[in-house]
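Q: my questions are about this predicted structure, shown below with the sequence.
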Amino acid sequence: MTTTTLAALVPLLPFLGAAAGLLLGRTAPGFVRPLAVLPTLAALVLAALVAVRQGGGQAVDAATELTPTGSVPVELALHIDGFAALVAVLVGFVASCVQIYSTGYLRDDPRYPSYAALVSLFTSAMLLVVYSGDLIVLLVGWEVMGICSYFLVGHYWETPEARAASLKAFLVTKLGDVPFLIGLFALATDAGSFQITKVLGMVASGGLDHPTLVALLLLAGVAGKSAQFPLHTWLPDAMAGPTPVSALIHAATMVAAGVYFVARLLPVFQASSAAMVVLAVMAAVTMAGSALAALAQDDIKRVLAYSTIGQLGYMTGALAVGDRGAAVFHLLSHGAFKALLFLAAGVIIHAAGTNSLAAMSRMTGLRDRVPDAYWTMTVALLALAAIPPFSGFFSKESVLGAAEHVIVGHTEHAPAAAGWTVLVAGLLTALLTAAYATRLWLLAFRGHGTEAPDHGRQPLTMTVVLWVLAVPSLAFGGLAYAALPSWFDGRDLTPTLTTSILGTGLALVGGLVTYGAWQRTTALAAWAPMGAVAAHPEGDAGLVEAEAIASHKPAYGDVAYAPDPADPGRLLLGPLHRHAAVGFHLDAVYDVLFVRPVQAGASLVRFLDREVVDTYVRGAGALPRWLGAAVRRAQTGNVQTYVSALLAGAVVLAVAAVLVATGA
């Protein structure tokens, strides 16, 4: 079987599994779990075979015309280079883990058949994006992922939070997709083709007429899909869906698609220095802002969501300095440890028996109750904090090293301003990442919250998956950085001494300071009564929040603050805490700038429709009705009346005739 045939089967198998799962979900429920797991596992095996055959060498290209258009053709094309081959393996690996894990996590869910089918369809769409050599076919997978995320985030549609989150995710990503589509058409117009290889050839020959405009249009779609500033606000709210869905979206699909797209079309962005600077600023704001927000969250899944936004910022930063090898390296490393973090969080939530107990301030005694989640999440958090020798250290240092190379002039692919922006923001984010990772570990496993009811041991399918994902989280970086350059344009991914010392040193400082803050707040909590201002580093604000929690009412916006006064994030952020907890009020800004004007416009249209248009319609119907009523009154049915009227009319006509004749 040829490599092209194997590659075509990779996205096809999960698609067929999704179709069969939807058809047989009600009639043959016993086939649902095999149809969810086996096609995805088969796709993983085939993706691994494709990667072995491709071997990081020359790209595999194949194309056939999909449909005649009369102008720019649309082709069913494959373009599989080293990046595509490895990312496809990541997608298949994480999706297989999620499907196996979900058989235990959602074993009692009556909507599991549709859930499993949508996860398979989600996987198929992402694999189509990864392998596609045609921009229109890529766009199809891009949009299918959007609709799958809408349904999966809204899986618990009975809750208003899930309904609102799914709608928000759909609308915010579509907001970015409109300019993204325009940018794709602009590229195809200049290249005369939607094929990626021809588009890149056109860019290399200088045929792109408006590189800055096209790059910025494409960046809008990337910001929406990969949850980058300012279109990142949908991702924390998307935690209302099942936890395995969060793992899939954050680790291998949806948000990874935007980063992968920029990596695949990086020469388009490099054609404009202004676009690279914009990309660097977007990455820097995303990294630092999301890390601060993560440090203030109480819900464990929202912490991980903001963490994902920040790690995607690292990937975007690597692309901003022209190193797609470092970006995809971190994408692969992050995929393993972020999937592990979410699935371990799912074990914690499953042990509590409800999604509502994801608040870290309410957790206690979890180290002994869920030892598998404790140890594997510890590994994943160390990888997230980029502590050597865990995988996150090598991949994050490759990003910082790429920024340093731009600054010292070892590459001309990006301006020095982009390098400085990414490096400074990356080092600051390394400090903050270690801080919120340490805080999560302390509050989740050593906290002093309310003991949740014990719902027994977790299914074996859930705990085994955690240990499977722990292996690459621990060993992938050290093994991969020496082997991956041959797959990634030959770029050196070895950590540099300067950034390694700075990054690791700042991470250790962040972790130690957070631990010290936790010890201080724990001592204060033990000394002061609950709700006392002394127990709250924010003074009166802390008292307001404590009283709000006691009365089961949110203190600020819709955020329920933790009743646990031993929260180091509150001490570290100080007055900034209340703003970071609500994402620096960006949703409120959108509400003022977009939501309220649209609602005001809708109210005006409704008023005009009711008071103007409807009045005209009602008036147009009333006049004939009045005339008809008048005529109806004349129709009495009395013959004498009719004869009298006839005679009166005849007399009037006769008099008129005489007057006319006399006048003549």
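A: Looks like it came in fine. Residues are numbered from 1 along each chain as shown.
Q: need the strands for the protein, in chain order.
A: Remark: strands assigned in the chain by DSSP state E are 60-67, 74-80.
Q: so of these, which one's packed in deepest?
A: Among those, ranked by average contacts under mean count of other Cβ atoms under 10 Å, first place goes to strand 74-80 (a mean of 22). Backbone N, C-alpha and C define where each C-beta goes, glycine included.
Q: the inter-axis angle of that strand versus strand 60-67?
A: An angle of 170 degrees separates the directions of strand 74-80 and strand 60-67 when computed by axes from the mean of the first three to the mean of the last three Cα atoms, to 10 degrees.
Q: what mean pLDDT would you report for strand 74-80?
A: Mean pLDDT, strand 74-80: 91.
Q: that strand - contacts with which helices or strands?
A: Using 3 or more Cβ pairs under 8 Å, 6 or more residues apart in numbering; DSSP states H and E as the contact criterion, the elements in contact with strand 74-80 are helix 3-24, strand 60-67, helix 112-131, helix 135-153, helix 196-204.
Q: tell me how far the closest residue to L332 other than its chain neighbours lies from R606.
A: Closest residue in space to L332, ignoring its immediate chain neighbours: L90 at 5.4 Å, by Cβ to Cβ, 6 or more residues apart in numbering. When distances are taken as Cβ to Cβ, to the nearest Å, L90 and R606 turn out to be 49 Å apart.
Q: which of these two has more neighbours?
A: L90 (26 against 10; other Cβ atoms under 10 Å).
Q: pLDDT score assigned to that one?
A: 96.
Q: cool, and L118?
A: According to the model's per-residue confidence, L118 sits at a pLDDT of 96.
Q: separation between it and T253?
A: When Cβ to Cβ is applied, the distance between L118 and T253 equals 12 Å.
Q: right, and the strands of the chain - which one's nearest L627?
A: Proximity to L627 (Cβ to Cβ) singles out strand 60-67 among the strands of the chain, at 58.1 Å.
Q: so what's the gap between the closest one and the chain middle?
A: Here strand 60-67 is found 30 Å from its chain centre; the criterion is Cα atoms, centre = their mean, to the nearest Å.
Q: on contacts alone, who are the packing partners of it?
A: Under the contact criterion of 3+ Cβ pairs under 8 Å, 6+ apart, strand 60-67 touches helix 3-24, helix 32-54, strand 74-80.
Q: TSV for those, including distance to A296?
A: As requested, the helices and strands packed on strand 60-67 are arranged in TSV below (distance: least, Cβ to Cβ, whole Å):
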stretch	distance to A296
helix 3-24	38
helix 32-54	36
strand 74-80	42
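Q: to W487, which of those lies closest?
A: Among the helices and strands packed on strand 60-67, helix 32-54 comes nearest to W487, with 8.7 Å by Cβ to Cβ.
Q: just the CA atoms of that closest one, as PDB, please.
A: This file holds the C-alpha atoms of helix 32-54, laid out as PDB (Å, rounded to 0.1, in the frame of the first residue of the first chain):
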ATOM      1  CA  VAL A  32     -20.600   2.200  20.200                       C
ATOM      2  CA  ARG A  33     -17.400   1.900  22.300                       C
ATOM      3  CA  PRO A  34     -15.500  -0.300  19.800                       C
ATOM      4  CA  LEU A  35     -16.500   2.100  17.000                       C
ATOM      5  CA  ALA A  36     -15.200   5.000  19.000                       C
ATOM      6  CA  VAL A  37     -11.900   3.500  20.000                       C
ATOM      7  CA  LEU A  38     -10.800   1.100  17.200                       C
ATOM      8  CA  PRO A  39     -11.000   3.500  14.200                       C
ATOM      9  CA  THR A  40      -9.000   6.100  16.100                       C
ATOM     10  CA  LEU A  41      -6.400   3.600  17.200                       C
ATOM     11  CA  ALA A  42      -6.200   2.400  13.600                       C
ATOM     12  CA  ALA A  43      -5.700   6.000  12.400                       C
ATOM     13  CA  LEU A  44      -2.900   6.400  14.900                       C
ATOM     14  CA  VAL A  45      -1.100   3.200  13.600                       C
ATOM     15  CA  LEU A  46      -1.400   4.400  10.000                       C
ATOM     16  CA  ALA A  47      -0.200   7.900  10.900                       C
ATOM     17  CA  ALA A  48       2.800   6.300  12.600                       C
ATOM     18  CA  LEU A  49       3.500   4.300   9.400                       C
ATOM     19  CA  VAL A  50       3.200   7.400   7.300                       C
ATOM     20  CA  ALA A  51       5.600   9.200   9.600                       C
ATOM     21  CA  VAL A  52       8.100   6.300   9.300                       C
ATOM     22  CA  ARG A  53       7.800   6.200   5.500                       C
ATOM     23  CA  GLN A  54       8.100  10.000   5.200                       C
END
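Q: quick one: buried residues of that helix?
A: Of the residues in helix 32-54, those with enough neighbours to count as buried (16 or more other Cβ atoms under 10 Å) are 32-33, 35-37, 39-44, 46-51, 54.
Q: run through who's touching that helix.
A: 3, 6-7, 9-11, 13-14, 16-17, 20-21, 24-25, 60, 80-82, 85-86, 88-89, 91-93, 95-96, 99-100, 102-103, 112-113, 116-117, 119-120, 123, 127 (Cβ atoms under 8 Å, 6 or more residues apart in numbering).
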